[in-house]
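**Q** what's the 3D shape of this:
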Amino acid sequence: MAYWKAVIAHLVRTLLAIYCMSFCAHIFAGECATPSHPIKAIGGDVGAGTAALAGAAIGALAGFGSAWIREWFESRRNLTRLAVELADRDFADKLKQAEGRGQHGALPPIGAFYHYYNNVLQAIATNRCTPEFVRHNAIAHGDVEEAFRFARRQFEDRLNAHLDEHERSSPEG
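**A** Next up is the predicted model:
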């Protein structure tokens with residue numbers, strides 16, 4: 001609602017400014033900008049009123065465009081901020097749970113959590129959040145966690161094999 005109030009206020013200010021400039025042009029420019037002597041424009045003769053309306057339309061469209069772009073970037077920034085906060089909280093909770101079970105470092109990176117929450121929030125913002133989407137996203141997030149666990153097990157197995165080999169090859173003394 002505040003967005004449309006700002007757009008309408010900008011439109012009214014632009015129209016008022018164009019009207020004032022057109023009125024001042026009539027007074028100070030003499031015959032050059034009077035209705036009986038139209039202003040020369042690229043496309044031919046244009047009356048002062050027509051020029052004022054065209055200027056008002058261009059100003060309103062420019063104001064509307066800039067307000068729309070600003071709102072779009074602001075909403076994206078807010079969604080990103082919310083996704084980061086949710087990911088941070090979820091990661092901290094899962095880290096506490098993992099530490100309580102003695103599984104230090106058993107979590108995927110926080111970026112996986114951010115990616116999950118960002119997908120969910122984007123789906124909500126674009127009205128694509130269906131039970132099917134939520135289920136698919138949860139499975140994908142679970143797959144990321146499982147892939148991370150698998151990679152971690154592979155790394156630990158290789159590390160243990162390397163340490164065992166190193167112990168066998170080192171001279172005992």
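**Q** Show me how far the helix or strand containing residue 53 is from its chain's centre.
**A** According to DSSP states H and E, residue 53 maps onto helix 48-100. Helix 48-100 sits 6 Å away from the centroid of its parent chain (Cα atoms, centre = their mean, to the nearest Å).
**Q** Check which helices and strands it sits against.
**A** The contact analysis (3 or more Cβ pairs under 8 Å, 6 or more residues apart in numbering; DSSP states H and E) places helix 48-100 against helix 2-28, strand 39-41, helix 110-125. Where you see a C-beta, it was placed from the backbone N, CA and C, and this is true even at glycine.
**Q** now with 10 Å?
**A** Secondary-structure packing of helix 48-100 (3 or more Cβ pairs under 10 Å, 6 or more residues apart in numbering; DSSP states H and E): helix 2-28, strand 39-41, strand 44-46, helix 110-125.
**Q** what comes into contact with the last one?
**A** In other words, helix 110-125. Outside helix 110-125, the residues within contact range by Cβ atoms under 10 Å, 6 or more residues apart in numbering are 75-76, 78-80, 82-92, 94-95, 107-109, 128-130, 133-134, 136-138, 140-142, 144-145, 147-148.
**Q** Buried residues in it, which are they?
**A** 110, 112-121 (16 or more other Cβ atoms under 10 Å).
**Q** worst average pLDDT in the helices and strands packed on helix 48-100?
**A** Of all the helices and strands packed on helix 48-100, strand 39-41 carries the lowest average pLDDT, namely a mean of 48.
**Q** what's the neighbour count on residue 80?
**A** 15 (other Cβ atoms under 10 Å).
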